[in-house]
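> dropping the sequence and predicted coords here.
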Amino acid sequence: MAISLDGLDPVFRQKVDQTISSLIAVGVEMRPYFGLRSLEEQARLWRQSRSTEEISVAIKNLNDANAPFLANILEKVGPQHGPHVTNALPGLSWHQWGEAVDCFWSLNGSAEWSASRKVNGINGYRIYAEKSKELGLSPGGYWVSFKDWPHVQLRSAGSPIGLGMTLADVDAEMKQRFE
């Protein structure tokens, strides 16, 4: 079941819709499973692969950078367990800005997660990345350090920090959007 793309930046949403339509035209079905993501969900995803010490350092760093709202979010979600899925702290993922979406490749109604498996000579994630890049989006599958094939975002900057924002700026914006 696909999720709603409500809450996404309108320009980004249009490009995502165009990407998905262009994929259908070549026989690839990509289904969104994450669009706009809450700060709490981002905090849970970030925490799930981190040690207590790493989490404590991140909370301290956020507080020291005048980002107490984000520090509190990261602290209050509590312990999480699971695989490493993100490097982005809450507020630093474009999902919280409505400028990112994650899609899975649907094959015969089942989710296919392999970025190397080919069906009829193609891999859905590779085509997804190619088509989204053609529309000016930044596909996570093309990232150098952390390949994220399901992820596509509007901006090429890894986070708002890459656009010159400070953690305090991000904290204020996230507080305004999510409190």
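Received it, and whenever you're ready, just let me know what you need. Numbering: from 1, shown residues only.
> and residue 177, what does it touch?
Listed by C-beta atoms under 8 Å, 6 or more residues apart in numbering, the contact set of residue 177 reads residue 96. Every residue, glycine included, has its C-beta placed from N, CA and C.
> so it belongs to a strand, correct?
No - read with DSSP: H, G, I helix; E, B strand; the rest coil, residue 177 is helix and lies in no strand.
> distance of it relative to residue 36?
10 Å (C-beta to C-beta, to the nearest Å).
> quickly list what's touching both of those two.
Joint contacts of residue 177 and residue 36 (C-beta under 8 Å, 6+ apart) are residue 96.
> low-scoring stretches of the chain, by residue?
Where the chain drops to pLDDT under 70, the residues are 1-2.
> got the contact list for the longest helix seen in it?
Of all the segments of type helix in the chain, defined by DSSP state H, the longest one is helix 10-25. For helix 10-25, the surrounding residues in contact (C-beta under 8 Å, 6+ apart) are 5, 8, 29-30, 32, 98-99, 101, 103, 124, 127-128, 131-132, 135-137, 152-154.
> what are the buried residues along stretch 37-47?
37, 39, 41-47 (16 or more other C-beta atoms under 10 Å).
> residue 83 - how many residues pack around it?
By other C-beta atoms under 10 Å, 7 other residues sit near residue 83.
> typo on my end, it should be residue 110
When neighbours are defined as other C-beta under 10 Å, residue 110 has 8 of them.
> equivalent analysis for residue 150, please.
24.
> SS state for the closest residue in space to it that isn't next to it in sequence?
Nearest residue to residue 150 in three dimensions, chain neighbours excluded: residue 102, at 4.3 Å (C-beta to C-beta, 6 or more residues apart in numbering). Counting by three-state DSSP, the backbone at residue 102 sits in strand.
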